[in-house]
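*Asks:* Next comes the sequence, and after it the predicted model I'd like to discuss.
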Amino acid sequence: MLNFHAGIIASKHKIGTTSFYTRFGEFIKLFKESDYDESYLDDGGTTGVTCAYWSFLRCAKDEVRDVEKRVDYRIKIMIVELANLCK
């Protein structure tokens, strides 16, 4: 998941929507608040981290798009920064 998110940020050909970056940010926030408890995918209960994880993965298929050729890479960086401000 971290590699997928980083790959989209680094890509010159793909960009995530605000929802993509917001949902990733929510997962990271909750994961950090859980003291990085890696059991969120274990069988049993559903935690906020679990819900945020699946929410991010579900949105990834619809919230990542090809970058149009006319979109400058600097604009992509600005979009990512704006999404981070909305956290």
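*Replies:* Now that the structure is in, tell me what you want to look at. Residues are numbered from 1 along each chain as shown.
*Asks:* remind me, longest helix of this protein?
*Replies:* For the chain, the helix with the greatest residue count under DSSP state H is helix 18-33.
*Asks:* any idea which helix or strand comes after that helix?
*Replies:* The helix or strand immediately downstream of helix 18-33 is helix 48-60, counting by DSSP states H and E.
*Asks:* in this protein, which residue is closest to the centre?
*Replies:* Phe24 (2.9 Å; C-alpha atoms, centre = their mean).
*Asks:* how far away is that one from Asn3?
*Replies:* Using C-beta to C-beta, to the nearest Å, we find Phe24 at a distance of 12 Å from Asn3. C-beta here means a position set from N, CA and C on the backbone, and glycine is covered the same way.
*Asks:* what does Tyr21 give?
*Replies:* 16 Å.
*Asks:* Looking at these two, which has the bigger crowd around it?
*Replies:* Tyr21 (24 against 7; other C-beta atoms under 10 Å).
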